[in-house]
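In: Sequence below, structure please.
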Amino acid sequence: MTDTSFAQPHKQPEGFRDRSARALVKFMRFFADAFFSKRYGHRAVVLETVAAVPGMVGGALQHLRALRRMESDRGWIRVLIDEAENERMHLMTFIEIAKPTWLERLLILLIRQDEAKHRDVNHQFANELASGRS
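Out: Sure thing, here's the model as predicted:
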């Protein structure tokens, strides 16, 4: 009989950042596992809500950069927005399949709100570091 295990070993953490990131992911995964259990479609809905953000934010930032520099973006805006649309369609598909309850929808909204708050704080911190005002 052949081994059907596809699990790949994790890279060993090599410092404080790696160990901290791994511990944080394991901590957060505990709650996801406890809440969703074996309902993988519901877990996919939550993941797809987050997956659409980078493409849309990247597209918006590329758009603003092209306007500010008054030069072509070489097609990146369309590529990034298309990726965000693709992830949104994945979300719509998983919502049809999983049919999340109102409690799960509320949880998704709260997670998105919290993620947006942290993104704003991180953006402000990065701006202060870049400007040398820190």
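In: Going by C-alpha atoms from here, please, whenever you check contacts or count neighbours.
Out: OK.
In: does Leu91 belong to a helix or a strand, and which?
Out: Secondary structure from DSSP states H and E places Leu91 in helix 76-98.
In: Remind me what that helix packs against, helices and strands.
Out: Other helices and strands packing on helix 76-98, by 3 or more Cα pairs under 8 Å, 6 or more residues apart in numbering; DSSP states H and E, are helix 40-69.
In: can you pull the contacts of the residue positioned nearest the centre of the chain?
Out: In the chain, the C-alpha nearest the mean C-alpha coordinate belongs to Val50, at 3.7 Å (Cα atoms, centre = their mean). Applying Cα atoms under 8 Å, 6 or more residues apart in numbering to Val50 gives the contacts Arg112.
In: And it, what's its pLDDT?
Out: Looking at Val50, its pLDDT reads 78.
In: same check, this time on Lys117
Out: 76.
In: So it versus Ile111, what's the distance?
Out: Here Lys117 is placed at a distance of 10 Å from Ile111 (Cα to Cα, to the nearest Å).
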